[in-house]
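J.: fold the following.
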Amino acid sequence: MVYEAGPTGFGLARFLLAHGVDCLIAAPSKMLRAPGDRLKNDNWDAMALARILSLGQVTAVQVPTEEREALRDLSRARQRASKSLA
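T.: Numbering: from 1, shown residues only. Model (predicted):
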């Protein structure tokens with residue numbers, strides 16, 4: 001199974017992996033597109049993900065542990081707070 005990194009976050013991947021479902025998260029910035037191809041919808045995304053998965057060309061995002069993800073979120077929140085105070 002593969003899905004594009006997005007709002008579902010890493011929780012879905014951790015859940016699937018914990019239940020024995022192989023899962024990859026595709027890096028959206030690494031998805032190949034033809035020049036001038038501006039089509040972006042669920043059907044296109046599903047077909048593109050299925051195609052790159054079948055070809056073994058998924059550039060996967062590493063799924064962090066919950067602790068590492070919490071530290072990253074804390075760091076980003078601190079940066080936002082620092083900028084808002086400046």
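J.: tell me which strands and helices the longest helix seen in the chain is in contact with?
T.: Using DSSP state H to define each element, the chain has its longest helix at helix 66-85. Here helix 66-85 touches no other helix or strand, going by 3 or more C-beta pairs under 8 Å, 6 or more residues apart in numbering; DSSP states H and E. C-beta: built from backbone N, CA, C; applies to glycine.
J.: so what's the gap between that helix and the chain middle?
T.: Offset of helix 66-85 from its chain centre (C-alpha atoms, centre = their mean, to the nearest Å): 19 Å.
J.: for this protein, which segments count as helices?
T.: In the chain, the helices defined using DSSP H lie at 11-18, 42-54, 66-85.
J.: dump the C-alpha coordinates for the first one into PDB.
T.: Looking back up the chat, that one is helix 11-18. This file holds the C-alpha atoms of helix 11-18, laid out as PDB (Å, rounded to 0.1, in the frame of the first residue of the first chain):
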ATOM      1  CA  GLY A  11      -0.300   7.900  12.500                       C
ATOM      2  CA  LEU A  12      -2.000   6.000   9.700                       C
ATOM      3  CA  ALA A  13       1.300   4.500   8.600                       C
ATOM      4  CA  ARG A  14       2.200   3.500  12.100                       C
ATOM      5  CA  PHE A  15      -1.200   1.900  12.600                       C
ATOM      6  CA  LEU A  16      -1.000  -0.100   9.400                       C
ATOM      7  CA  LEU A  17       2.500  -1.200  10.000                       C
ATOM      8  CA  ALA A  18       1.600  -2.300  13.500                       C
END
